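Chemist: Generate a structure from the sequence data that follows.
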Amino acid sequence: QYHKEQTVVFLMAVGRLRSLCERLINLAGYPSKTPVGIIQNAGCPNQRTVVGNMETIADLAEEYQVKAPSTIVVGEVVNVLLESDAETGESVVGLIQNMTATEV
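Modeler: Here you go, the predicted structure:
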């Protein structure tokens, strides 16, 4: 059941993303605007993050060709690290190209 303060993390489920979101909305009562983030290749030099909501994330994942290994994060926590546009107040949506250190 949905709770606004709750964060849910799915590992290795990017291939079932559309079905996963539909089930969370229809069976667990998640609002369709609940933020969702996907981190592909977490901690690697080629890490990428895609951000959307329950309605848009499956299409965004297809558009940006998100593949495994990926971690899916569902909940308001996704907005914590995102900056909002000063004029519109809207958060970033789409692909965020992350850079990680290749040499230490």
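Chemist: C-alpha only now, for contacts and for neighbours.
Modeler: OK.
Chemist: ok, and for the top helix by length along the chain, which residues are buried?
Modeler: Longest helix of the chain, by residue count under DSSP state H: helix 17-28. Within helix 17-28, the residues that qualify as buried are 17-18, 21, 24-25, counting by 16 or more other C-alpha atoms under 10 Å.
Chemist: Just give me the closest of these to Asn46.
Modeler: Taking C-alpha to C-alpha as the measure, Asn46 lies nearest Leu17 of the buried residues of helix 17-28, at 21.2 Å.
Chemist: nearest spatial neighbour of the closest one, skipping sequence neighbours?
Modeler: Of all residues not flanking Leu17 in the chain, Ala58 sits nearest, at 5.9 Å (C-alpha to C-alpha, 6 or more residues apart in numbering).
Chemist: Over to Ile39?
Modeler: Thr49 (4.5 Å).
Chemist: List the neighbours of the helix or strand hosting the one you found that are in contact with it.
Modeler: In the assignment (DSSP states H and E), Thr49 maps to strand 48-53. Identification of contacts with strand 48-53 by C-alpha atoms under 8 Å, 6 or more residues apart in numbering yields 32-42, 57, 60-61, 64, 78, 92-98.
Chemist: That one pairs with which strands, and in what direction?
Modeler: Sheet pairing of strand 48-53 (DSSP bridges) gives strand 35-40 (antiparallel), strand 94-97 (antiparallel).
Chemist: which residues does the residue most central in space within the chain contact?
Modeler: Central residue of the chain (C-alpha atoms, centre = their mean): Gly37, 1.2 Å from the mean position. Applying C-alpha under 8 Å, 6+ apart to Gly37 gives the contacts 49-53, 57, 72-74, 78.
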